[in-house]
Every structure is written in C-alpha cells, then in structure tokens.
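Student: Quick one: sequence and predicted model below, then my questions.
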Amino acid sequence: MNRIALIILTFVLSTFAICTSCEKMENLESKLIDGLTLDNYPRGDGSASTLPLNVVIACELLGISHEPYQAIEDDLWGIKPNLSNKTNKKFEDKIKSTGTHEKSCIFAAWNLRR
C-alpha cells in the first residue's frame, strides 16, 4: 500500500513541477551593449571546439545575423556571420581559433565557400 501511495505522490508532484515550469519565456531578443562595436570588441582565441559558441556570442552582442553551415571537406558544422568580405576579415581577426586540434580554424572553410 505504501509503495502505491509513493508512486502516486511521485507522479502528482512530477506533473505539478512540469506544468508549473512551462511558463512562457519573455523577451528572448538579443541584448546589445551600448557602444560595443566590432572595432572595440575584445579579441578572443580559443579551442576549435568553442569557436561556434564564440561566434554566436559575438554576433548576438554586436547585432550581426548568423547562420549554421557545414564545412565542405568533412562533417563539421560551424556558425557563419553574415558580413561583407572586408568586415568578415575584421571579425576573423577578433574571433580566432588557433586551436588545440588538427583542424584548428573553421574559418578556413568560409573562404572556400565565397
């Protein structure tokens, strides 16, 4: 009897927790920082595995649109900012991946696709 009561109590509490945590999230828009530009954005360099995250963070903070892409030579996926060639070079100088892996810079694939 105690086992059945425990199962029912667990089910009721789980259902309550799930239903009350499903609130609508408010304002998921990007938060820009006043005065932050590509010129004064801090330089970043890290592992190749963190490059997509670094690109997304920079794009969101700078208000730059971005999209996922698949590298030509393998199954790696990355994030590509939608920028002109001149601005893209400046972006690449700020967000780098000299890396810890053999394929250290996913940016190389961008130049092949242009």
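Tutor: Noted; the coordinates are in hand.

Student: Looking at this structure, which helix is longest?
Tutor: helix 2-20 (DSSP state H).

Student: tell me the average confidence for that one?
Tutor: Averaging pLDDT along helix 2-20 gives 74.

Student: Also stretch 43-57?
Tutor: Mean predicted lDDT for stretch 43-57 stands at 84.

Student: Just the endpoints, please. Distance across it?
Tutor: 13 Å (C-alpha to C-alpha, to the nearest Å).

Student: Then stretch 34-54?
Tutor: 19 Å.

Student: buried stuff in that stretch?
Tutor: In terms of neighbour count (16 or more other C-beta atoms under 10 Å), stretch 34-54 has its buried residues at 38, 41, 48, 51-52, 54. Quick note: C-beta positions are derived from backbone N, CA and C, even for glycine.

Student: Next: stretch 86-93.
Tutor: Result for stretch 86-93 [16+ other C-beta under 10 Å]: buried residues 88, 91-92.

Student: Can you show me the helices along the chain?
Tutor: Under DSSP H, the chain gives helices at 2-20, 51-62, 85-94, 107-113.

Student: Tell me which of those is the most buried.
Tutor: helix 51-62 (a mean of 18; mean count of other C-beta atoms under 10 Å).

Student: picking up where we left off before, the helices of the chain: which one's closest to Asp75?
Tutor: Among the helices of the chain, helix 107-113 comes nearest to Asp75, with 11.9 Å by C-beta to C-beta.

Student: if you average pLDDT over the closest one, what comes out?
Tutor: Helix 107-113 shows a mean pLDDT of 47.

Student: quick one on the thing from earlier: Ser14: which of the buried residues of stretch 34-54 is nearest?
Tutor: Nearest member of these to Ser14, counting by C-beta to C-beta, is Pro52, at 34.4 Å.

Student: what about that closest one, distance to Trp77?
Tutor: From Pro52 across to Trp77, the span is 7 Å (C-beta to C-beta, to the nearest Å).

Student: With respect to Ala5, which of the buried residues of stretch 34-54 is nearest?
Tutor: Pro52 (48.5 Å).

Student: Right, I'll call it a day here.
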